[in-house]
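A.B. asks: fold the following for me, if possible:
(chains A, B, C and D)
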Number of protein chains: 4
Amino acid sequence: MSARAQAAAAPAVAEAPGRTHATEKARIAVLGASGYTGEEVVRLLALHPVFDVTALTGETQAGKAFSDVFPHLVTATNVPRLVKIADVDWSGVDAAFCCLPHATTQEILASLPRKVRVVDLSADFRLRNVDTYAEWYGGTHRAPELQKEAVYGITELHREEVRSARLVANPGCYPTSVQLPLVPLLQAGMISTEDIIIDAKSGVSGAGRSAKQNLLYTEIAEGINCYGVGSHRHMPEIEQGLSEAAGADVRVSFTPHLMPMSRGMQSTIYVRLDGGASVDDLRSGRYAEEPFVHVMNAGGVPHTRYVRGTNYNFISVFPDRLPGRAIIISVIDNLVKGASGQAIQNLNVMLGVPETTGLLQQALFP
Amino acid sequence: MSARAQAAAAPAVAEAPGRTHATEKARIAVLGASGYTGEEVVRLLALHPVFDVTALTGETQAGKAFSDVFPHLVTATNVPRLVKIADVDWSGVDAAFCCLPHATTQEILASLPRKVRVVDLSADFRLRNVDTYAEWYGGTHRAPELQKEAVYGITELHREEVRSARLVANPGCYPTSVQLPLVPLLQAGMISTEDIIIDAKSGVSGAGRSAKQNLLYTEIAEGINCYGVGSHRHMPEIEQGLSEAAGADVRVSFTPHLMPMSRGMQSTIYVRLDGGASVDDLRSGRYAEEPFVHVMNAGGVPHTRYVRGTNYNFISVFPDRLPGRAIIISVIDNLVKGASGQAIQNLNVMLGVPETTGLLQQALFP
Amino acid sequence: MSARAQAAAAPAVAEAPGRTHATEKARIAVLGASGYTGEEVVRLLALHPVFDVTALTGETQAGKAFSDVFPHLVTATNVPRLVKIADVDWSGVDAAFCCLPHATTQEILASLPRKVRVVDLSADFRLRNVDTYAEWYGGTHRAPELQKEAVYGITELHREEVRSARLVANPGCYPTSVQLPLVPLLQAGMISTEDIIIDAKSGVSGAGRSAKQNLLYTEIAEGINCYGVGSHRHMPEIEQGLSEAAGADVRVSFTPHLMPMSRGMQSTIYVRLDGGASVDDLRSGRYAEEPFVHVMNAGGVPHTRYVRGTNYNFISVFPDRLPGRAIIISVIDNLVKGASGQAIQNLNVMLGVPETTGLLQQALFP
Amino acid sequence: MSARAQAAAAPAVAEAPGRTHATEKARIAVLGASGYTGEEVVRLLALHPVFDVTALTGETQAGKAFSDVFPHLVTATNVPRLVKIADVDWSGVDAAFCCLPHATTQEILASLPRKVRVVDLSADFRLRNVDTYAEWYGGTHRAPELQKEAVYGITELHREEVRSARLVANPGCYPTSVQLPLVPLLQAGMISTEDIIIDAKSGVSGAGRSAKQNLLYTEIAEGINCYGVGSHRHMPEIEQGLSEAAGADVRVSFTPHLMPMSRGMQSTIYVRLDGGASVDDLRSGRYAEEPFVHVMNAGGVPHTRYVRGTNYNFISVFPDRLPGRAIIISVIDNLVKGASGQAIQNLNVMLGVPETTGLLQQALFP
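C.D. replies: Numbering: from 1, shown residues only, chains lettered A, B, ... in the order given. Got it, this is the predicted structure:
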């Protein structure tokens, strides 16, 4: 048997991350690599056969080895040292993941060479209406021209636009978990645009790596609390996507909760059936061929643990005890499908490589 | 100063739990003491100055010291060994907490001497309609006469009936967390009976101490999942209480979630305003004088950690982004106000001792 | 029965915390009340019948209600607002718990009226040798006279000195967990002073409430790591206590680990038998009458959960597979017996009230 | 750039797990696939380009889809249904991972066709001396002939024997975490064989997926406890490996602790320097070229989180405060390098494919 396996193993050499630096690979920059989403891009790219990390930036950590910031990634070979954005040599870069904080990316992205494809993980280019942006993010948009060009990219819903985009606005984690299940239903008129109630639960990594008292282990473990009730910045992004799908203004009730888990997100969504649709109808269809969206059979209960570390979205639909209503549950890993994984999925599409490349990890369970 | 404090300390001797066995104290039996609610009764009674544990039962553990089952309670002095229920000498018992599994308590309670006051923590006497009981708990009620006599006891809502009751049906944890905030609002007509949506999150201790694969640490940590959607047994109990308050049939949407925390429960409740009430109106009134219910000021966010280990219920009311709606958040410790604490509170009332006796612990935070 | 219990309940009124402000009670100030140990003092005093909190200080939070800093303590009635230390009226204060950071307490304590009894929870007065203090804490001691007066107070080991002390240096958490089991054995010559190896595991609350990246939930959950190997500041404190007990210089190997738990501390201590002692000998004796120290029978395994929220110390002794050696396991709650609980125990002794007053809570389990 | 990346992506097709069922791939059976180690093999093989899962067994779950047992693995395409071992068609199997409970594998493995290469994850073939096996595992060995043939396989230490083995006894998790750092040091005479003290901390998944009360979330969360002091079954396995390395009998002190984490293992090892070696000497050498063993620079602190979900072993060496001693810290993921990952690493070697194939995942952090 050994001979058979050995022969098959030959092409597998490409799988060894970073060992060879083939010139045919796409050369990737990660801007803002010292936070969790930047780190997650690096984690996932370690198994990506055709994307190579050629630049990592971190303004305050510039000069350090990446493993000084994330000691576990000493095992990710061929990862370059951190530099300042101003010091990146863009001539050797084909595409960039931008993992910078909100409001800091507009001018930076406007200054990049046009040949560089960009997936921006911040919120800066997600809202089409720059006034809405100003209202929720508290400042005038400084790259409105670029905003017009940006493509909002939940890959499964906007694949064609993503394919030809130069700049993709990678969606927020809550908006991804909500739009994936709801957009097809609103498009098909199967649920009402009224009274959509979203009770969302998120892991703590969504809040980033900055030191804040309310994110200390001692303040988070063994409890739950809501936050940002009626004022969370992902609300306009959710409403923008749902309104577009419904062809009408949609307002939602959205209450996020902070949970004692590092990763994972569940949106429990309470909807009203419409257009004569049954609960079973809500399960049928759209995602049958999608590699990353799994609609469970009747009665299936999605756990956030089922998607930990993966790019999958599990969805389940339950009849509500209240007649004419249904309960939709959608789970993702907030750092993968809700951020860095979807970003890679988008760049795969943009660069014409198979969409699942580097993203077929199974859940880390338990 | 020492002299001043020493003098004041004299009456404090009574506070030392179980050290003296004054004949004036009420003598308490705990039936089914080998589970978490039984243990919790013992924990709380350790600081109760006038209730003494005189009998502990556990059918499979009979003969053992209580500290063989709960090694930490070796520190609870004067706690008797476990015996079988059949071996309890009821002549020396004034009152009993019954912490047995559902469906096992009916015949046992029917057989007790009538002089023994009972707080039953099972579900067996909570549902007034024995047919509803049979439907949800899967068996004919075997003590329908006793059912008629039982008083359902959320202390704040049924204090007068509890005072003269011989048998109190101690409410379930979810029903307590939901009825405390909603009953006054339904009674006042301030919220609609339609479209009440309850998204509840519970700690794992609510599921008990029996070995089950789905409750293993490895299956629970770092994730969330719903369970019993549309079929949880606490649903009819909730609806019974809300219907009574509203004077009309109320059906609710109720989705419980299992959280990685041992204790704590949050119900996030989505309601529609009614009768011209404003969001601020929902905060006013009823509980101002209650020692265990705290309605937070506008904007206050209740964490389950705020009530860990305590008999308190924190409530907060938020305006919903959807016009005409409000979001009510209610947190309790499922083992205290949701079970053993409220049971003691009820027995305090039944035996005429100050209601807060033994129950003024502050939250264990962090 | 009701009559019997009612009669017994009368003296229980004193148990209701803070409801009455009897002039006979000792009036307590808590300096530095916005951290975890200050908060823990307030939690415990809520059940203390003869100590009343009359002043709380917090330099940066002065002016706020205590419940603005710890929202759950809105239930602790009669707790005063936070003030600056300079604004405390010392005429109405009998005793103070000083919960300030290390190196900030020396001058403050030197300035207090001599009639105020003080339990200092910082490290500032623990090391008898001010040069050792300077070496490990990085600064010249600014109250060397006061240092001479200070009594180091592990209550069980120094009860008599504590009784007459004006200033007690409350021990560190690690030193408490190590000295309680080892001091009697060293005094009796039953273990060798050579090769004492302490592998300690601590909950995160020991690191305080300040926002630090390495204490974020996401950095702590689901993992373990050591820290301060060979350089932890509790080392000289441990060695001071053990040397005194042995009557000879003792050096220890001490490796602390940070665990994903908010409270709790276990020291696993590897020792060599001496003086002909057997493993069973190590279990006998000294603590039989102590209310807060529980030496388990052979084979008993102490969990940190057994002492969560309590002032207890559980100790167990195992034979080692290596001949002539034993393994001693000692668990405490780092915030209670390791800090605030022992502080109250000490003040109880200093003010002549029964030592267990206010400290007989049973463990919060689960 | 797209063209460049597209070209490079072509060989990447092989990376898509299970999508193609190339006849050249090695065909793998997983026996006992319904436990955590079996599931972990399937997780890792999803990214293995030349191993295909062709049979999964589970005696009590036979007939079910694998995703009925592990719902998240519905995303692992081409995974077969569970069957009974007796129903496996061995003609189509090249190699097997045996994940059955201890004491059940001896007769099963003895009955397999000799052409099938086997990696056994149970303890049944780890101990060379069948009497030692009988003593610690409580039963006569039923396949002593096979035992003689078995190769004990910590890959880095026994690579050559593994290469030609038909049956590899995959090491236990604790023994892996201890032998990797210690064996080279004992071989080089740099540490003493006396007084090796191992204080180990393990995640809960090491205890398996069977429902046991002591493994419930409520019994494990927020605490630590030791277990099996002086009697853990991994002790003789550790001593066998260390004795062989030292060329002399080695006895160790070994105390395992159960931690509130699902995965991860840290062994904190206290040793005495020997042969004139310095602390720095302990860091040099042997593993410089090993892809999965990372010896950290002086001062580096290995967290178990750094290796979560990976096949890596991080090692660090600290000077002890006690002269002449050192502290060695070794971390692994108990389910990967401590079980299923090392099993795949071994089979890679046995079948002549590059050793890191399918195993280069980076840690899931946070």
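
A.B. asks: in the stretch 101-250 of chain A, which residue sits closest to chain D?
C.D. replies: Residue of the stretch 101-250 of chain A nearest chain D, by Cβ to the nearest Cβ: A:Ser205 (5.2 Å). Placement of C-beta: from N, CA and C, glycine included.

A.B. asks: from D:Val162, how far off is that residue?
C.D. replies: 38 Å (Cβ to Cβ, to the nearest Å).

A.B. asks: same deal with A:Leu157?
C.D. replies: Taken as Cβ to Cβ, the span from A:Leu157 to D:Val162 is 49 Å.

A.B. asks: picking up where we left off before, surely the residue of the stretch 101-250 of chain A closest to chain D is in a helix?
C.D. replies: Yes: checked against DSSP: H, G, I helix; E, B strand; the rest coil, A:Ser205 lies within a helix.

A.B. asks: what about it, neighbour count?
C.D. replies: For A:Ser205, the count of nearby residues is 28 (other Cβ atoms under 10 Å in any protein chain shown).

A.B. asks: OK, contacts around it?
C.D. replies: A:Tyr36, A:Ser262, A:Arg263, A:Asn334, A:Leu335, C:Thr218, D:Pro366 (Cβ atoms under 8 Å, 6 or more residues apart in numbering or on different chains).

A.B. asks: how near is it to A:Gly309?
C.D. replies: Between A:Ser205 and A:Gly309 the computed distance is 12 Å (Cβ to Cβ).

A.B. asks: would you map the helices across chain A?
C.D. replies: A:2-9, A:36-45, A:66-69, A:105-111, A:130-137, A:144-149, A:155-163, A:173-187, A:217-220, A:234-246, A:279-283, A:341-350 (DSSP state H).

A.B. asks: list the buried residues for the fifth one?
C.D. replies: For helix A:130-137, the neighbour count (16 or more other Cβ atoms under 10 Å in any protein chain shown) marks A:Thr132, A:Tyr133, A:Trp136, A:Tyr137 as buried.

A.B. asks: does chain B sit close to it?
C.D. replies: No: residues of helix A:130-137 contacting chain B under Cβ under 8 Å from any Cβ of the partner chain: none, with a closest distance of 12.6 Å.

A.B. asks: now do that helix against helix A:234-246, angle only.
C.D. replies: 150 degrees (axes from the mean of the first three to the mean of the last three Cα atoms, to 10 degrees).

A.B. asks: work out the gap between helix A:130-137 and the centre of the chain.
C.D. replies: Distance of helix A:130-137 from the chain centroid (Cα atoms, centre = their mean, to the nearest Å) equals 21 Å.

A.B. asks: give me the average confidence score over it.
C.D. replies: Over the span of helix A:130-137, the pLDDT mean works out to 93.

A.B. asks: same for it, what does it pack against?
C.D. replies: With contacts taken as 3 or more Cβ pairs under 8 Å, 6 or more residues apart in numbering or on different chains; DSSP states H and E, helix A:130-137 sits against helix A:144-149, helix A:234-246.

A.B. asks: quick one: closest of the ones you listed to chain B.
C.D. replies: Proximity to chain B (Cβ to the nearest Cβ) singles out helix A:234-246 among those, at 6.9 Å.

A.B. asks: what's the angle between that closest one and helix A:173-187?
C.D. replies: Relative orientation of helix A:234-246 and helix A:173-187, computed by the same axes, to 10 degrees: 20 degrees.

A.B. asks: what lies in contact with helix A:234-246?
C.D. replies: By Cβ under 8 Å, 6+ apart, helix A:234-246 touches A:123, A:126-129, A:132, A:135-136, A:152, A:154, A:157, A:171-175, A:178-179, A:182-184, A:186-187, A:193, A:196, A:198, A:249-252, A:254, A:256, B:321.

A.B. asks: repeat that for 7 Å
C.D. replies: Contact with helix A:234-246 is made by A:126-128, A:132, A:136, A:172, A:174-175, A:178-179, A:182-183, A:186-187, A:193, A:249-252, A:254, B:321, as judged by Cβ atoms under 7 Å, 6 or more residues apart in numbering or on different chains.
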